[in-house]
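Peer 1: here are the coordinates; sequence isn't available:
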């Protein structure tokens, strides 16, 4: 390397280092300012380092006279052109970022975010991420509103369901206490009625406690390998008396040995809720059919009834808390509608806790509820 070339390298490197340090300091001071200001610093540092090195060398030794003036002029013009282009670029970046900020500020209360068009790739990615975030927020707000509405509806309905039997029991207790009724038959009937109401209220409190555990995520499953045939047999045996009282025929069909990994008590409760619901809505002489079958690697539990079908508009709400599909809250004489509307919501919570799925469709003379669970390995 010749001494002249070595001198050029030393001079340009030294000037470049000084300008770079000054530029870094300026960018640190401007770190919270506009992107355009930082881009301007980058361009100024580049131009100053280049022009400074060329000027220093030409003035020192390499070029003299007209040639030196030409070189300095060309470098200076090139630097000004670069500075102009960088200014235009910075203005475009700043304008694009302002459009994005304005779009965020313009988001209405409904949460509908409209990303501005023509953004650079990086800002476009940010806009896409904001769109997804606002979409998740909308879904979260809609779910929160639905839960709040269901909670208010549940509180109102449960208050009604508690107040009515309590008033009846109080009246019967006062009649017994005051001696208004004294004949053994009426006294015995009052005692039986009070016990039935206490049993019903106890069941309602149990359902509320189970539902609160499901919604709080504190439902703990004790999984073991169980056969669905035993589960179906136990469910049918547990509701036999209710079905006989309504004149409903119970039937079961089970494929040979269907093992699943599940909490036997909780899954049995979910199936029993479906069967009780089917019996309540099936008229006398109707049939409730419980089937257990296998589809690929999925175990299917279905409960088919003769309820006459569910209106299409109500199907998506069947598993909502406190949904009964009817405005009347007074239990029927045959017991239909005697629940608090929690059984199906509890069944869904239990099935989902098992990583399964639950659904309902209209089928034949009624509807068919179906639980789908993965088979044991």
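Peer 2: Sure thing, it's come through. The model shown is predicted, which means the values in this text are computed figures rather than measured ones.

Peer 1: and the residue nearest in space to the middle of the chain, how far is that from residue 261?
Peer 2: Against the mean C-alpha coordinate of the chain, by CA atoms, centre = their mean, the closest residue is residue 140 at 6.7 Å. According to CB to CB, to the nearest Å, residue 140 and residue 261 sit 32 Å apart. All C-beta spots, glycine's among them, are computed from the backbone N, C-alpha and C.

Peer 1: sorry, back to before: let me know the helix or strand that the residue nearest to the centre of the chain is in.
Peer 2: Following DSSP states H and E, one finds residue 140 within helix 121-178.

Peer 1: Mind giving me the packing neighbours of the helix or strand following that helix?
Peer 2: Later in the chain than helix 121-178, the nearest helix or strand by DSSP H and E is helix 184-216. Under the contact criterion of 3 or more CB pairs under 8 Å, 6 or more residues apart in numbering; DSSP states H and E, helix 184-216 touches helix 121-178, helix 343-353.

Peer 1: need the next SSE after helix 184-216, C-terminal direction.
Peer 2: The first helix or strand that comes after helix 184-216 along the chain, using DSSP H and E, is strand 224-227.

Peer 1: For that next one, give the mean pLDDT please.
Peer 2: Strand 224-227 carries an average pLDDT of 88.

Peer 1: ok now it, how far from the chain's centre?
Peer 2: Centroid separation for strand 224-227 versus its chain: 30 Å, with CA atoms, centre = their mean, to the nearest Å.

Peer 1: what residues does it touch?
Peer 2: The contact list for strand 224-227 (CB atoms under 8 Å, 6 or more residues apart in numbering) reads 257, 258, 259, 260, 261, 262, 263, 264, 267, 376.

Peer 1: for it, which positions count as buried?
Peer 2: Buried residues in strand 224-227, defined by neighbour count with 16 or more other CB atoms under 10 Å: 226, 227.

Peer 1: Now the two most distant members of the contacts of strand 224-227.
Peer 2: 257 and 263 (19.4 Å; CB to CB).

Peer 1: And these two? Which one has more around it.
Peer 2: residue 263 (19 against 9; other CB atoms under 10 Å).

Peer 1: Confirm for me that that one is in contact with residue 373.
Peer 2: No: in this structure, residue 263 is not within contact of residue 373 by CB atoms under 8 Å, at 11.3 Å.

Peer 1: joint contacts of these two?
Peer 2: Joint contacts of residue 263 and residue 373 (CB under 8 Å, 6+ apart) are residue 354.

Peer 1: who touches the closest residue to residue 223 other than its chain neighbours in this structure?
Peer 2: Excluding its sequence neighbours, the residue lying closest to residue 223 (CB to CB, 6 or more residues apart in numbering) is residue 261, at 5.1 Å. The contact partners of residue 261, taken as CB under 8 Å, 6+ apart, are 223, 224, 225, 226, 374, 376.

Peer 1: Three-state assignment for residue 261, please.
Peer 2: What DSSP: H, G, I helix; E, B strand; the rest coil gives for residue 261 is strand.

Peer 1: Please name the bridge partners of it.
Peer 2: Beta-bridge partners for residue 261, by DSSP bridges, are residue 225.

Peer 1: Model confidence for it, exactly?
Peer 2: We have a pLDDT of 88 for residue 261.

Peer 1: cool, residue 1 as well?
Peer 2: Reported pLDDT for residue 1: 54.

Peer 1: Next: residue 371.
Peer 2: pLDDT at residue 371 comes out at 94.

Peer 1: Can you list the buried residues in the helix or strand containing it?
Peer 2: Assigned by DSSP H and E, residue 371 falls within strand 366-374. Residues of strand 366-374 classed as buried: 366, 367, 368, 369, 370, 371, 373 (neighbour count, 16+ other CB under 10 Å).

Peer 1: got JSON lines for those residues, with distance to residue 156 too?
Peer 2: Formatted as JSON lines, those follow (distance: CB to CB, whole Å):
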{"residue": "366", "distance to residue 156": "29"}
{"residue": "367", "distance to residue 156": "27"}
{"residue": "368", "distance to residue 156": "31"}
{"residue": "369", "distance to residue 156": "26"}
{"residue": "370", "distance to residue 156": "31"}
{"residue": "371", "distance to residue 156": "30"}
{"residue": "373", "distance to residue 156": "34"}
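
Peer 1: Looking at the residues you listed, spot the one nearest residue 123.
Peer 2: residue 373 (46.7 Å).
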